[in-house]
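# Curious how this folds, go ahead:
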Amino acid sequence: MRIAMMGSGAIGGYLRVRLARSGEDISFIARGAHLQTIRERGLRLLSPLGDVELPGAYATANPGDVGTVDLIVFAVKLYDGEAAAASMLPMVGPQTRVLTLQNGIDSMDMLSRLVPRHQVVGGATYISSFLEAPGMIRQVSGVTQIYAGGTGDPVIDQLRSACVRAEGVDLSVVEDIGPILWKKFVRLSAFSGGTSLMRAGIGKIMADPESQKFMEQLRDEGIAVAAAEGHPMPPDFSEETAGLFGALPSSRDFASIPITLRGGPTLPISGCSRGAQMRPSSVPRTVFALTRILRATTIRSWGGRSMPLVGTRMLSKRSAIRRRVDPAQSAISPPRSRDWVVSRKPAT
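Next up is the predicted model:
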């Protein structure tokens, strides 16, 4: 099977290294210093499951160089999604499947504007990794779980077989990926927004009573939005989420946005922010209030472009606020202002 990794960073790069043992024909689509390093020295994975080096991996910045493939793993950051989707088209044939592992709930709809809907497969990953340096990916927990829709799809079945032959990829194929995407959406909205806003790991946040209450409000408001959109969370969701937050290792108990704030090239406004922002249902008052407070606060990316910092921008369409949420369920009681004021010196 011919596979193309559209995006070779934290997730795409991880999968490429792991799947090398499967014997499949896999190409990288990468760019910049990361691409140059892969070409010159290969790709290195630092992992608690064992470090792996992958020399001689094929990588290019031009999808047209690859040609038609059987499977595209779409793992680019959300701010690059539409441009990447357009550029991948030379690799798409009539039987190609596009498996999107982007965060959020709108990736399949976005891709379906360019690729026939039946060729787009939704997925979610719980692998915790990040791009530490060009050509180097660090995995910080032993979780290797990926979910994909497409039960009975021959291409996804081949991918599952490849994951079995490889090590470090636990792929589960489900009939309906929707509930899994929504559960991750709600969790990541609170997790990403809270750790970014307070510049702290979830462990420290949950240890403080005020901050813990704030995180619970973000979670509960996300639950309310999901329910208003016809995707209610299961009864044990809140308890399960608290357990997941508490089980995260201290080395990785924050989202990717805080890493970017410490020195990344571009601020990724969370897909968990973007997805619900345009939805015509209820909007959390807490998130909306923080959006207003932080609207004047900007950070400057390495490219010199000013960008608003609001990982919690999720769900902030003013005209729809509280359309279907009881105001009594959305009382605002955020941490003290000194705990979550955001600042960063502009890059020079």
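# helix, strand or coil for the nearest residue to Thr151 once chain neighbours are set aside?
Sequence neighbours aside, Glu175 is the residue nearest to Thr151 in space, at 4.5 Å (criterion: Cβ to Cβ, 6 or more residues apart in numbering). C-beta coordinates here come from the backbone N, C-alpha and C atoms, glycine included. At Glu175 the chain is in coil, as set by DSSP: H, G, I helix; E, B strand; the rest coil.
# surely Glu175 meets Ala148?
No: assessed by Cβ atoms under 8 Å, Glu175 is found out of contact with Ala148, at 10.8 Å.
# So for these two, which sits in the more crowded spot?
Neighbours per residue, other Cβ atoms under 10 Å: of Glu175 and Ala148, the larger number sits with Ala148, 26 against 9.
# Report the contact partners of that one.
Ala148 makes contact with 99, 121-123, 156, 159, 171-174, 177, according to Cβ atoms under 8 Å, 6 or more residues apart in numbering.
# go again using 10 Å as the cut-off
Listed by Cβ atoms under 10 Å, 6 or more residues apart in numbering, the contact partners of Ala148 are 73, 97, 99-101, 121-125, 156, 159-160, 163, 171-174, 177, 180.
# low pLDDT regions in this structure?
For the chain, the stretches with pLDDT under 70 are 248-348.
# The residue nearest the centre of the chain and Gly42: what is the separation?
Central residue of the chain (Cα atoms, centre = their mean): Asn103, 3.4 Å from the mean position. Look at Asn103 and Gly42: by Cβ to Cβ, to the nearest Å, they are 28 Å apart.
# Drop anything exposed from the contacts of Ala148.
73, 97, 99-101, 121-125, 156, 159-160, 163, 171, 173-174, 177, 180 (16 or more other Cβ atoms under 10 Å).
# Name the strands paired with the helix or strand where Leu45 lies and say parallel or antiparallel.
Leu45 belongs to strand 43-46 when assigned by DSSP states H and E. Neighbouring strands of strand 43-46 in its sheet, by DSSP bridges, are strand 52-54 (antiparallel), strand 136-139 (parallel).
# what would these look like in JSON lines with mean neighbour count and distance to Met198?
Shown next, in JSON lines, are the strands paired with strand 43-46 (neighbours: other Cβ atoms under 10 Å; distance: least, Cβ to Cβ, whole Å):
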{"stretch": "strand 52-54", "mean neighbour count": "18", "distance to Met198": "34"}
{"stretch": "strand 136-139", "mean neighbour count": "22", "distance to Met198": "23"}
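# would a markdown table of these with distance to Gly7 be doable?
Formatted as a markdown table, the strands paired with strand 43-46 follow (distance: least, Cβ to Cβ, whole Å):
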| stretch | distance to Gly7 |
| --- | --- |
| strand 52-54 | 16 |
| strand 136-139 | 12 |
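# Can you tell me which of those strands is nearest to Asp220?
For the strands paired with strand 43-46, distance to Asp220 was read as Cβ to Cβ. The smallest value, 31.1 Å, belongs to strand 136-139.
# quick one: that closest one to chain centroid distance?
Distance of strand 136-139 from the chain centroid (Cα atoms, centre = their mean, to the nearest Å) equals 16 Å.
# and if you look at stretch 7-14?
Worked out by Cα atoms, centre = their mean, stretch 7-14 lies 12 Å from the chain centre.
# Please point out which parts of that stretch sit buried.
7-14.
# With stretch 101-112 instead?
Buried-residue list, stretch 101-112, by 16+ other Cβ under 10 Å: 101-108, 110-111.
# Just the closest of those to Gly32, please.
The closest of the buried residues of stretch 101-112 to Gly32 turns out to be Gln102 (Cβ to Cβ; 19.7 Å).
# Please look at that closest one and Gly123 and confirm they touch.
Yes: between Gln102 and Gly123 there is a contact at 8.7 Å, judged by Cβ atoms under 10 Å.
# Overlap in contacts, the two.
11, 74-75, 108, 181.
# Let me know the closest of those residues to Ala86.
The closest of the shared contacts of Gln102 and Gly123, once distances to Ala86 are taken by Cβ to Cβ, is Phe74, at 12.1 Å.
# So that closest one sits against Leu101, correct?
Yes: taking contacts as Cβ under 10 Å, Phe74 lies within contact range of Leu101: 6.7 Å.
# Common neighbours of those two, please.
Common contact partners of Phe74 and Leu101 (Cβ under 10 Å, 6+ apart): 6-7, 11-12, 107, 121, 123.
# Lys204 in helix, strand or coil?
helix.
# pretty sure it contacts Thr195?
Yes: Lys204 is within contact range of Thr195, at 9.4 Å (criterion: Cβ under 10 Å).
# The two: which has the busier surroundings?
Thr195 (23 against 15).
# Secondary structure element for the more buried one, which one?
In the assignment (DSSP H and E), Thr195 maps to helix 178-198.
# now the helices for the chain?
12-19, 32-41, 81-87, 107-112, 154-165, 178-198, 202-207, 209-228, 237-247, 256-261, 271-277, 285-294, 337-340 (DSSP state H).
# Just put the ones you listed in JSON lines and tack on distance to Val52.
Converted to JSON lines, the helices of the chain look like this (distance: least, Cβ to Cβ, whole Å):
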{"stretch": "helix 12-19", "distance to Val52": "5"}
{"stretch": "helix 32-41", "distance to Val52": "14"}
{"stretch": "helix 81-87", "distance to Val52": "26"}
{"stretch": "helix 107-112", "distance to Val52": "28"}
{"stretch": "helix 154-165", "distance to Val52": "15"}
{"stretch": "helix 178-198", "distance to Val52": "26"}
{"stretch": "helix 202-207", "distance to Val52": "28"}
{"stretch": "helix 209-228", "distance to Val52": "35"}
{"stretch": "helix 237-247", "distance to Val52": "25"}
{"stretch": "helix 256-261", "distance to Val52": "21"}
{"stretch": "helix 271-277", "distance to Val52": "28"}
{"stretch": "helix 285-294", "distance to Val52": "39"}
{"stretch": "helix 337-340", "distance to Val52": "38"}
